[in-house]
Every structure is written in structure tokens, then in C-alpha cells.
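Visitor: fold the following for me, if possible:
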Amino acid sequence: MAVTLKGYYMVKPAEPTWKGFQSLSEWDQTGVITHVPTIYFYRPSHEWTTPTDKVSATLKESLSRALVHFYPLAGRLRCLPGGRLELNCNAEGVLFTEAESDSQLDELADFFPSSDYYYHLTPAVDYTRPINELPFLLIQLTRFSCGGISLGLTISHAVVDGPSALHFFSEWAGLARGEQLKTTPLLDRKCLRAGDLPLRSPCLSHVEHDSLPILVGELDSKEEREKETTVAILRITTEQLKKLKKIANEGRDCSTARPYSRYEMLAAHVWRCACKARKHSKEQETALAVCVDVRSRIEPHIPSSYFGNASFDVMAKSCSGELVSKPLGFAASRIRETIENVTNENIWSNIEYLKNQRDLTKFQDLQYSTSNEEPFFGNPNLSVVSWLRLPLYGLDFGWKKELYMALGTHGCDDFDGDVVLLSDPSSGDDGSLIVAMSLQVQHMDSFKKHFYGDI
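Guide: Predicted coordinates:
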């Protein structure tokens with residue numbers, strides 16, 4: 001695919017916004033704090049393609065107005081001692097790139113997210129540059145020869161989590177359609193005590209930050225990090241989900257015990273299949289990272305309009321031998337127990353633990369870091385993130401909703417064990433799901449065999 005870059009623009013807030021330094025919460029500064037790309041494909045009507053700059057002008061003008069309300073997105077990061085980061089609200093803007101392609105949308109086939117053309121349709125983040133120079137949001141509008149367009153959206157996880165990112169994209173689209181802002185974002189991160197000193201010493205046995213399991217016989221994960229990975233997009237039908245639900249809840253009295261959720265049973269299934277595909281020994285310890293949104297779990301509750309990271313990872317742990325030999329319900333029970341342990345006390349304990357750390361570097365997944373101490377969820381571990389409840393689809397900027405939404409290259413290139421669950425828009429509303437799975441090349445075929453064969 002030939003893509004020609006036509007121009008770069010720094011879009012800034014349309015009106016003056018507050019400027020200064022703002023503390024980030026501990027969750028903004030830890031975990032994955034790189035950029036996450038998604039791509040939306042559209043086929044605008046003739047009224048939008050003439051003149052040719054109408055789409056671009058609409059996007060940039062509405063984006064500039066949206067940044068007035070979401071002004072932290074127009075800022076930059078500032079490094080502090082101990083691996084800590086701070087938000088510099090300086091209104092430098094977000095990067096908007098325009099490009100053209102001689103291809104047609106119909107040539108893109110199934111929009112498979114590991115396809116090479118995705119690299120050309122999402123704006124690249126140059127992590128060799130100082131972190132204080134990197135925009136939080138990078139956008140690429142690409143026009144195809146057929147009149148179709150794609151919109152690559154790459155947003156920093158240091159500023160937002162999934163719900164916050166979709167809140168911004170939805171409001172931006174509404175402004176582009178000529179509507180008013182629906183929900184004002186809550187920009188004050190003090191609800192998570194951002195910038196406050198710790199209140200007490202941390203609990204030494206804090207389970208969320210125990211060391212992750214490594215392969216039996218390995219001293220570290222360096223060799224595993226370097227192995228080639230590949231991606232699979234696995235579709236699972238409603239009938240297959242019903243079968244999986246029956247298998248997971250076998251022997252349980254669902255009249256008194258709450259049945260396992262879609263996430264619990266599907267993540268458990270992925271976990272077991274990965275253990276089999278990786279050919280773990282029985283005694284091999286393994287962890288599955290679960291990302292939990294705490295907005296309704298913490299006291300006082302955080303409004304859904306909170307603009308920042310209000311999610312963190314907790315670890316479900318077991319031995320591969322147990323996961324494989326016991327029924328699927330066992331793995332699901334380990335995941336449920338982990339999620340249920342995310343209580344108000346546990347949440348504040350997590351924050352206190354991080355506040356007491358002199359150096360946050362070992363808790364950060366940074367694209368530009370070469371440290372072997374950073375979090376690694378690859379073999380023998382997994383990270384299964386649910387996008388099932390995010391309003392990913394129907395992003396309408398005035399030329400109707402997208403033809404297709406894709407994950408870009410997030411979790412689909414070089415992260416062994418990264419899994420994203422999302423609904424399948426191609427199946428309508430029948431409840432079918434997609435499992436976007438990144439795994440080492442040597443394990444993928446075996447994983448697929450177990451994934452479908454064990455249902």
C-alpha cells in the first residue's frame with residue numbers, strides 16, 4: 001500500500017485554557033503508558049468529498065473546540081525524579097496528519113489488524129524523542145482513491161483509560177455534527193489523591209505487586225521477550241458462547257450462584273488454551289492480568305465523566321497443571337475471586353503502595369524503556385483486556401457511522417500474551433465476539449486448535 005503524507009498540523013484549543021502543571025495519579029504513571037491506536041474506516045457521501053478539504057476542515061475545527069473542554073490532551077508530560085511523571089497543561093496541541101493512498105477500501109479485505117498497511121494508516125509515535133515532546137493525541141486522516149477515508153486515532157494511556165478516551169472521541173464527533181457538549185469531563189485527579197503524599201506505610205505482602213511468574217528454569221524473561229509473535233483474530237459465535245457458558249458453569253447451582261460472565265468464562269478459556277499451547281509443565285505458575293475499572297467500586301464513587309485512568313491490573317494466579325486438569329469453572333473461579341477482591345480497601349491500598357515507592361520505573365511499560373524489570377505479561381503469563389462495554393462503534397462525525405473499526409496494531413505485533421475481547425460488529429447484534437490474540441509464532445497454531453476444539 002502506497003500512502004503519501006500531505007501535511008502536518010498542530011491543532012490547539014480554540015480558546016485560552018488553564019495552563020500549569022497538574023499531578024498525575026499513580027495509575028496514570030504505571031502500567032501501559034504508551035499510545036494506543038484505533039482506526040475507523042468511512043465512505044463519506046459526495047457532499048462531504050467536495051471540496052476535498054471539507055472533511056479535514058470539519059475535523060480540525062471541531063477538534064480545536066473539543067480541546068477547550070479536554071485541555072489536558074493538548075499538553076505534554078514532564079519527567080520527575082523516581083520515574084514519576086507530571087502533566088504539563090501548556091496547550092501545545094495534538095498532531096493532525098493528512099495523507100493520501102492510491103488504494104481502495106475494498107482492497108483492504110478483512111481489515112486484519114496485523115496487516116502491513118495499518119502501519120501506514122495510524123500516526124507513528126517517535127519514542128526516540130524526549131517524552132516531553134510527544135503529543136498525547138496523534139490523528140491521521142487518509143483519503144483513498146475510491147473516496148473512502150480512514151481516521152487513525154492514537155492516544156496516550158498516560159492521560160486516559162478506555163472509557164475516558166471514548167468519552168473524548170464521542171464528544172468530538174458530536175461537536176463535528178453541530179451538537180453541543182453532552183457531558184463535561186471531570187479533569188480534577190484529586191479524587192485519586194494525585195500528587196498527595198502517602199498516608200501510611202505500605203503492606204509488605206501487597207499481592208497486586210508480587211513478582212510475576214517466570215518460566216520454570218529461566219532466570220528472567222529476556223529470552224521470551226525476543227521471540228517472534230503473531231496475531232490472530234478469533235471469532236466466537238453466540239452458539240459457541242452458550243456452549244462455553246454451559247461448560248464453565250457445569251456443576252454450579254446458577255439459581256443461587258451467579259453464573260460466570262462473558263469475560264470470566266472467555267478469559268478462563270483463553271488462559272487454559274494458552275497453557276496447553278505453551279506446553280507448560282504441571283508445576284508452572286502462571287498469572288492472568290485483569291483490568292478492573294474502579295469508578296463504581298471506590299468510595300466515594302468516581303463519576304463516569306472522570307477523565308483519566310481509573311483502572312488498574314490485578315493478577316489471577318494458578319499453576320498450569322491445575323488449570324488444564326480441572327474443569328473450566330476452576331479457571332473462571334480464580335478470575336472471579338480476583339475481581340471480587342477489588343474492594344474499596346484494596347483500591348486505596350494499591351494507591352498507597354505505589355505512593356510509597358521511591359522509583360516507579362519497574363511498574364511502567366514504556367516503549368522507550370530497555371529495562372528487563374518492567375512488567376512483562378508474556379509466557380507464562382497473559383493480559384486479557386475487555387473492551388466489551390466500551391462504546392467503540394458508531395463514531396459519527398457527520399458522514400454516518402464507520403464501515404469498520406479496527407484495533408490498529410495495539411496488542412497485535414510484539415506483545416506475547418496480549419488479548420483484547422470485543423464485540424463483533426460484522427455479526428450485527430447477535431452477541432458474537434472477537435478475541436484479538438497476540439502469541440509467539442511457535443504457539444499460535446496449537447492455541448487455535450485448543451481454542452475451538454475445547455468448546
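Visitor: any idea how far stretch 287-300 is from the chain center?
Guide: 14 Å (C-alpha atoms, centre = their mean, to the nearest Å).
Visitor: could you tell me the end-to-end distance of it?
Guide: 30 Å (C-alpha to C-alpha, to the nearest Å).
Visitor: show me what counts as buried in that stretch.
Guide: Within stretch 287-300, the residues scored as buried using 16 or more other C-beta atoms under 10 Å are Ala287, Leu288, Ala289, Val290, Cys291, Val292, Asp293, Val294, Arg295, Arg297, Ile298. Glycine gets a C-beta too; all of them are placed from N, C-alpha and C.
Visitor: determine which two of these are furthest apart.
Guide: Ala287 and Arg295 (24.4 Å; C-beta to C-beta).
Visitor: ok, of the buried residues of stretch 287-300, which one's closest to Gly7?
Guide: Cys291 (36.5 Å).
Visitor: so how far is whatever helix or strand the closest one lives in from its chain's centroid?
Guide: Using DSSP states H and E, Cys291 maps to strand 285-293. Mean-position distance between strand 285-293 and its chain equals 14 Å (C-alpha atoms, centre = their mean).
Visitor: now do the buried residues in the helix or strand just after that strand.
Guide: Counting by DSSP H and E, the element after strand 285-293 in chain order, helix or strand, is strand 311-319. By neighbour count on 16+ other C-beta under 10 Å, the buried set for strand 311-319 is Ser311, Phe312, Asp313, Val314, Met315, Ala316, Ser318, Cys319.
Visitor: reformat those as TSV; add pLDDT and distance to Thr128.
Guide: Shown next, in TSV, are the buried residues of strand 311-319 (pLDDT from 0 to 100; distance: C-beta to C-beta, whole Å):
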residue	pLDDT	distance to Thr128
Ser311	93	29
Phe312	89	29
Asp313	91	27
Val314	93	33
Met315	94	32
Ala316	97	36
Ser318	97	39
Cys319	97	41
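Visitor: the residues you listed: which two are farthest apart?
Guide: Top of the distance list for the buried residues of strand 311-319 (C-beta to C-beta): Ser311 and Cys319, 27.3 Å.
Visitor: separation between Phe127 and Trp27?
Guide: For the record, residue 127 is Tyr, not Phe. 21 Å (C-beta to C-beta, to the nearest Å).
Visitor: neighbour count winner among these two?
Guide: Counted by other C-beta atoms under 10 Å, Tyr127 and Trp27 do not tie: Trp27 has more neighbours, with 25 against 14.
Visitor: just to revisit the earlier point, averaged pLDDT, the strand holding Cys291. What do you get?
Guide: Taken as a whole, strand 285-293 has an average pLDDT of 96.
Visitor: next one: stretch 264-277
Guide: For stretch 264-277, the mean confidence score works out to 98.
Visitor: then stretch 217-226?
Guide: 76.
Visitor: go through that stretch and flag the buried ones.
Guide: Ser221, Glu224, Arg225.
Visitor: any idea which of those is the one closest to Thr343?
Guide: For the buried residues of stretch 217-226, the nearest to Thr343 is Ser221 (30.6 Å; C-beta to C-beta).
Visitor: the closest one touches Pro213, doesn't it?
Guide: No: using C-beta atoms under 8 Å, Ser221 makes no contact with Pro213, being 9.9 Å away.
Visitor: so Leu421 bridges to which residues?
Guide: Note on Leu421: beta-bridge partners by DSSP bridges are Ser386, Val435.
Visitor: touching, it and Ser383? I think so.
Guide: No: using C-beta under 8 Å, Leu421 is not in contact with Ser383; the gap is 11.4 Å.
Visitor: backbone dihedrals for the residue nearest to Phe415 when sequence neighbours are not counted, please?
Guide: With sequence-adjacent residues excluded and distances taken as C-beta to C-beta, 6 or more residues apart in numbering, Phe415 is closest to Ser438, at 5.2 Å. Main-chain dihedrals, Ser438, degrees, to the nearest 10: phi -110, psi 130.
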